[in-house]
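> take this sequence and fold it.
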Amino acid sequence: MVNLLYTVSTALGGRVAILEDMIVDRDARGRGLGSRLMTEAISTCETDGCLRITLLTDGDNTAAQQFYRRFGFERSPMVPLRRPLAGA
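Here you go, the predicted model:
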């Protein structure tokens, strides 16, 4: 499963995507499903006129980072910050 969120970047002056979730069942990994999902997600964003895709991974999830790098994702100079809200 891939979940894409769309927003507008004022810095880029256009639509961008946030890849919020990408999940492949542990038992189904290693069969190319993740690569097909990512290829389709990138294609969808390009078709929809997005100028960038952003995603986050856990700092210690090196396997995911390696996977995303194969698709051209790079470490961003931006620093993620978050604030939990009540009920989170």
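> show me where the protein has its helices.
33-47, 62-69 (DSSP state H).
> need the ones you listed in TSV with mean pLDDT and mean neighbour count, can you?
The way it works is simple: take the backbone N, C-alpha and C, and place the C-beta from them, glycine included. Below are the helices of the chain laid out as TSV (pLDDT from 0 to 100; neighbours: other Cβ atoms under 10 Å):
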stretch	mean pLDDT	mean neighbour count
helix 33-47	98	14
helix 62-69	96	13
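> closest one to D21 among those helices?
Nearest to D21, of all the helices of the chain, is helix 33-47, at 10.7 Å by Cβ to Cβ.
> same for that closest one, what does it pack against?
strand 2-9, strand 14-22, strand 53-55, helix 62-69 (3 or more Cβ pairs under 8 Å, 6 or more residues apart in numbering; DSSP states H and E).
> go with 7 Å
Judged by 3 or more Cβ pairs under 7 Å, 6 or more residues apart in numbering; DSSP states H and E, the packing partners of helix 33-47 are strand 2-9, strand 14-22.
> quick revisit: of all the helices of the chain, which lies closest to V79?
Between those, helix 62-69 lies closest to V79; by Cβ to Cβ that is 16.4 Å.
> that closest one versus helix 33-47: what angle between them?
Per axes from the mean of the first three to the mean of the last three Cα atoms, to 10 degrees, the angle that helix 62-69 makes with helix 33-47 is 40 degrees.
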